[in-house]
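Asker: got a structure for you, letters missing:
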């Protein structure tokens with residue numbers, strides 16, 4: 001299909017705004033993370049630091065019109081025969097490349113979608129500390145990069161400077177990508193070359209010497225990882241680790257490209273390692289073979305979760321190889337941390 005002209009794109013974007021009239025004001029708010037329209041027409045909004053709340057309702061016709069217009073912008077069609085639409089909205093105002101996942105019957109009872117905004121603000125580790133998102137203070141430990149850390153922020157800053165590989169773990173909507181952006185901000189003070197791989201553009205990287213890669217229908221993450229190794233990266237960053245390519249990433253981190261970061265879905269910091277084992281097994285790599293690679297490649301696990309009062313970083317673990325075939329981890333946080341007092345409570 002021929003690429004749409006700029007004027008056609010602008011017209012279609014105007015149609016999107018009109019179809020979004022039931023919830024567009026909330027979408028435009030600075031703190032909004034995601035808008036979700038359910039099959040019954042109920043609209044929910046997820047706000048940064050505020051959690052999810054019901055916004056109101058959207059008409060079935062306007063939701064279908066939004067879906068159809070989003071499909072037209074990406075050169076696709078959403079029909080009963082092709083009922084799932086995955087795309088990004090145009091990078092122009094007001095949607096700025098937001099990630100879109102839409103569905104129509106028969107896979108749902110009514111048209112539904114989730115529209116996730118790209119991060120417009122990049123929070124630093126200092127911001128996380130000031131907002132009290134670090135649940136705990138540093139545990140007194142001895143050894144390597146985490147020795148003598150004065151705060152969770154200092155702990156992670158040391159990990160970045162020491163070129164440790166950091167895996168950010170959490171559930172859906174927990175804030176993994178936003179936290180990963182904070183780690184990328186820490187990397188900006190260096191002169192290294194960063195290569196980033198994503199399915200959809202969500203990471204915000206201020207590093208000047210960077211290459212941003214994105215998967216497509218014909219080029220998967222595995223292929224991009226192989227290409228990355230020929231682009232002379234100092235650090236490799238993956239937006240979300242989700243398939244067998246995780247094993248390729250681990251080997252890359254192990255062979256001359258330390259200091260990377262990525263995110264993964266799991267329910268605890270330690271479960272992030274189990275999830276990596278599962279992904280490796282999808283390519284026929286058993287636990288006996290994958291576990292030593294994982295233990296060597298992952299140096300730091302950060303678990304972030306969504307609570308009723310907002311996001312919280314509740315675990316930071318150092319991974320120190322294997323002991324009797326099991327992961328040896330060192331918890332680096334303990335007792336509640338007060339960012340104003342700078343001490344454990």
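Answerer: Nice, I can see it. Keep in mind that this is a model prediction, so the values were computed, not measured. Numbers count the residues shown, from 1 in each chain.

Asker: who does residue 167 form a beta bridge with?
Answerer: Going by DSSP bridges, residue 167 is paired in beta bridges with residue 262, residue 301.

Asker: so residue 73 touches residue 89, yeah?
Answerer: Yes: using CB atoms under 8 Å, residue 73 is in contact with residue 89, at 6.8 Å. Yep, even glycine has a C-beta here, placed from its N, CA and C like the rest.

Asker: now the common contact residues for the two.
Answerer: Taking CB atoms under 8 Å, 6 or more residues apart in numbering as the criterion, residue 73 and residue 89 both touch 13, 16.

Asker: pretty sure residue 33 is in a helix, no?
Answerer: No: using DSSP: H, G, I helix; E, B strand; the rest coil, the assignment for residue 33 is strand, not a helix.

Asker: list the contacts of it.
Answerer: Taking CB under 8 Å, 6+ apart as the contact definition, residue 33 lies against 46-48, 116-117, 173.

Asker: for it, give me the pLDDT.
Answerer: For residue 33, the model assigns a pLDDT of 89.

Asker: which of the contacts of residue 33 ranks first by neighbour count?
Answerer: The most crowded member of the contacts of residue 33 is residue 117, carrying 22 neighbours; neighbours defined as other CB atoms under 10 Å.

Asker: so who does that one touch?
Answerer: Residues near residue 117 by CB under 8 Å, 6+ apart: 27, 32-34, 96, 98.

Asker: which one of the residues you listed sits closest to residue 58?
Answerer: Among these, residue 27 lies closest to residue 58 (CB to CB), at 11.6 Å.

Asker: quick check: which element contains that closest one?
Answerer: Using DSSP states H and E, residue 27 maps to helix 24-28.

Asker: which strand or helix spans residue 320?
Answerer: strand 310-323.

Asker: go on, residue 101?
Answerer: strand 99-103.

Asker: flag every buried residue along that strand.
Answerer: Neighbour counts over strand 99-103 (16 or more other CB atoms under 10 Å) mark 99-100, 102-103 as buried.

Asker: export those as TSV, with columns for pLDDT.
Answerer: What follows is these, written out as TSV (pLDDT from 0 to 100):
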residue	pLDDT
99	91
100	94
102	93
103	94
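
Asker: what about the closest residue to residue 199 other than its chain neighbours, distance to residue 170?
Answerer: Of all residues not flanking residue 199 in the chain, residue 215 sits nearest, at 5.1 Å (CB to CB, 6 or more residues apart in numbering). The gap separating residue 215 from residue 170 is 21 Å, by CB to CB, to the nearest Å.

Asker: between the two, who's got more neighbours?
Answerer: A direct count of neighbours by other CB under 10 Å for residue 215 and residue 170 places residue 170 higher, at 27 against 17.

Asker: give me the phi and psi for that one.
Answerer: When read as degrees, to the nearest 10, the backbone of residue 170 gives phi 170, psi 170.

Asker: pretty sure it is touching residue 305, no?
Answerer: Yes: in this structure residue 170 lies within contact range of residue 305 using CB under 8 Å: 5.9 Å.

Asker: buried sites along stretch 170-188?
Answerer: Neighbour-count burial for stretch 170-188, counted by 16+ other CB under 10 Å, picks out 170, 173-188.

Asker: among the contacts of residue 117, which ones are buried?
Answerer: For these, buried by 16+ other CB under 10 Å: 27, 32-34, 98.

Asker: ok, residues contacting the helix or strand residue 227 falls within?
Answerer: Element membership of residue 227 [criterion: DSSP H and E] is helix 221-228. Here helix 221-228 makes contact (CB under 8 Å, 6+ apart) with 195, 197, 199, 213, 215, 236, 238, 242-245, 248-249, 252.

Asker: among those, who's most crowded?
Answerer: Most neighbours among the contacts of helix 221-228, by other CB under 10 Å: residue 238, with 29 neighbours.

Asker: out of everything not next to it in sequence, what's closest to that residue?
Answerer: Leaving aside its sequence neighbours, residue 238 sits nearest to residue 262 (CB to CB, 6+ apart; 3.9 Å).
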